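Trainee: Output the structure for:
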Amino acid sequence: MARLHLWLLLLCLQTWPETARSNADVYTVNGILGESVMFPLNIQEPQQVINIVWNSKTSVAFINTAASGGTPKVTVTHQNYDNRINVSDHNYNLEIKNLSMEDAGIYHVDINVNNPDKLSTISRDYKLLIYRRLGKPKITQSLMTSVNSTCNVTLTCSVEEEDKNVTYSWSPLGMEGNIIQIFQRHEDPEHTYTCTAQNPVSNSSGSISVQQLCRDSKLSHQRRYIGLLSTGIVFSLFILIILPVMLLLLQCKRGRCSIFPKGKM
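Mentor: So this is what the prediction gives:
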């Protein structure tokens, strides 16, 4: 019975007398996945508000304002918002907690006001956008070459579960984008490059020393050269010494060899 009364009340609010609907622009509100977001109503005279109705893709909530200084009575009108709605006591701003990507979209509010001379409705629309809070970006190097004592390194910056609204910048270079190319000589002083990933709700940074990468690259080349040299020496010894011995033993096994000449036994 209580739910029936609620829906009747909502129906009546849709035909509120002398309704004055505004054609204001849509307000954009940014939210963070898993956190809370606040919809500011900016009500000039809170004591004149009678009730507030929120709707989105579904109904959201009905707020019956109490006497001045009291706590508003909030009725959540769709199960998707159960235990996730709060309303501030004095300005009636709406808070939605534990945001999911499905919460994104257009939210419409009707604020029914009792003016001295008439009853009216103030309507507003909000566009809720949901973003992930960015973790520390990962910097990887690729296409590393070393020519004439100059180290050529390509650095790529990325974050996990990247959204399309993520932008990247590098300091101290002042460059934009997630990929940069660095030319570093071995005798140059050490430089640290910092990548900053940013979206409308957060930013995070990571750093890397290119000088150290170049040292590692030089050491890697040296180790590779030593490895190849060692392999060549072993192969040469095999051809010159071990292979003839193995062939001689094979001949002896078949009874075709004579280690000592005949007549000297």
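Trainee: what pLDDT does I63 get?
Mentor: Looking at I63, its pLDDT reads 94.
Trainee: Moving along the chain from the helix or strand hosting it, name the first helix or strand you hit.
Mentor: Using DSSP states H and E, I63 falls within strand 59-64. Remark: after strand 59-64, the chain's next helix or strand is strand 73-76, criterion DSSP H and E.
Trainee: residues of that following strand that come out buried?
Mentor: V74, V76 (16 or more other Cβ atoms under 10 Å). (Glycine included, C-beta is placed from N, CA and C.)
Trainee: Which strand residues bridge Q181?
Mentor: Note on Q181: beta-bridge partners by DSSP bridges are T154.
Trainee: what about the residue nearest to L99 when sequence neighbours are not counted, which SS state?
Mentor: Among residues not flanking L99 along the chain, G31 sits closest, at 4.8 Å (Cβ to Cβ, 6 or more residues apart in numbering). Put simply, G31 is strand when judged by DSSP: H, G, I helix; E, B strand; the rest coil.
Trainee: how close does G31 get to W54?
Mentor: Going from G31 to W54 by Cβ to Cβ, to the nearest Å gives 15 Å.
Trainee: Would you map out the domains in the chain?
Mentor: The record's domain split for the chain, according to automatic domain parsing, is 2-131, 133-265.
Trainee: hey, least reliable of those domains by pLDDT?
Mentor: Among these, domain 133-265 carries the lowest mean pLDDT (a mean of 74).
Trainee: And the helices in this structure?
Mentor: Secondary structure of the chain by DSSP state H: the helices cover 2-14, 210-237, 243-253.
Trainee: So which other helices or strands are in contact with the strand holding I63?
Mentor: With contacts defined as 3 or more Cβ pairs under 8 Å, 6 or more residues apart in numbering; DSSP states H and E, strand 59-64 has these neighbours: helix 2-14, strand 49-55, strand 73-76, strand 85-87, strand 94-96.
Trainee: May I see the buried residues of it?
Mentor: S59, V60, A61, F62, I63.
Trainee: Can you give me the neighbour number for L94?
Mentor: For L94, the count of nearby residues is 22 (other Cβ atoms under 10 Å).
Trainee: so what's it closest to, chain neighbours aside?
Mentor: Spatial nearest neighbour of L94, excluding adjacent residues (Cβ to Cβ, 6+ apart): F39 at 4.4 Å.
Trainee: Make sure the one you found is actually in contact with Y126.
Mentor: Yes: judged on Cβ atoms under 8 Å, F39 makes contact with Y126 at a distance of 5.5 Å.
Trainee: Quickly run through the sheet partners of the longest strand seen in the chain, with directions.
Mentor: Determined from DSSP state E, the single longest strand within the chain is strand 119-131. Each strand paired with strand 119-131, and its direction, by DSSP bridges: strand 27-32 (parallel), strand 105-114 (antiparallel).
Trainee: could those go into JSON lines alongside mean neighbour count and distance to N86?
Mentor: JSON lines is the format used below for the strands paired with strand 119-131 (neighbours: other Cβ atoms under 10 Å; distance: least, Cβ to Cβ, whole Å):
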{"stretch": "strand 27-32", "mean neighbour count": "15", "distance to N86": "14"}
{"stretch": "strand 105-114", "mean neighbour count": "17", "distance to N86": "15"}
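Trainee: V201 and V26, how far apart?
Mentor: 19 Å.
Trainee: Looking at those two, which one has more neighbours?
Mentor: More neighbours surround V201 than the other of V201 and V26, with 18 against 12 (other Cβ under 10 Å).
Trainee: gap between the more buried one and T28?
Mentor: 12 Å.
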